[in-house]
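Peer 1: what shape does this take:
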Amino acid sequence: MLGLGLPEIMLILVIALVIFGPGKLPEIGKAFGRSIKEFKQATSEAADVIMKDSPK
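Peer 2: As a prediction, the model looks like this:
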């Protein structure tokens, strides 16, 4: 995962907790998850279109 180990991830989470506070972190996580889901769906749809339009 981009060369990030457990200490780096923990540091990022602690910094996010300090900046945003405990109330905002679930909202941020939910928005991030939705963004990843939409990105995967869009790339899957694009791959389907490319495969459908490519000559065989």
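
Peer 1: look up how far residue 30 lies from the most centrally placed residue in the chain.
Peer 2: By C-alpha atoms, centre = their mean, the chain has its centre lying nearest to residue 36, at 3.9 Å. Distance, residue 36 to residue 30, by C-beta to C-beta, to the nearest Å: 11 Å. Every C-beta, even on glycine, is put in place using the N, C-alpha and C of the backbone.

Peer 1: can you check residue 23 too?
Peer 2: Note on residue 23: its distance to residue 30, by C-beta to C-beta, is 13 Å.

Peer 1: quick one: which of the two has more around it?
Peer 2: Neighbours per residue, other C-beta atoms under 10 Å: of residue 23 and residue 30, the larger number sits with residue 30, 10 against 7.

Peer 1: so which helix or strand takes in the residue nearest to the centre of the chain?
Peer 2: Assigned by DSSP states H and E, residue 36 falls within helix 25-53.

Peer 1: distance from the chain centre to that helix, please.
Peer 2: 9 Å (C-alpha atoms, centre = their mean, to the nearest Å).

Peer 1: and it, what's buried?
Peer 2: Buried residues in helix 25-53, defined by neighbour count with 16 or more other C-beta atoms under 10 Å: none.

Peer 1: give the rounded mean pLDDT of that helix.
Peer 2: The average pLDDT within helix 25-53 is 90.

Peer 1: packing partners of that helix?
Peer 2: Contacts defined by 3 or more C-beta pairs under 8 Å, 6 or more residues apart in numbering; DSSP states H and E place helix 25-53 against helix 6-20.

Peer 1: average pLDDT for the helix it packs on?
Peer 2: Averaged across helix 6-20, the pLDDT comes to 90.

Peer 1: and it, what does it pack against?
Peer 2: Here helix 6-20 touches helix 25-53, going by 3+ C-beta pairs under 8 Å, 6+ apart.

Peer 1: okay, angle between the helix it packs on and helix 6-20 too, please.
Peer 2: Helix 25-53 runs at 120 degrees relative to helix 6-20, counting by axes from the mean of the first three to the mean of the last three C-alpha atoms, to 10 degrees.
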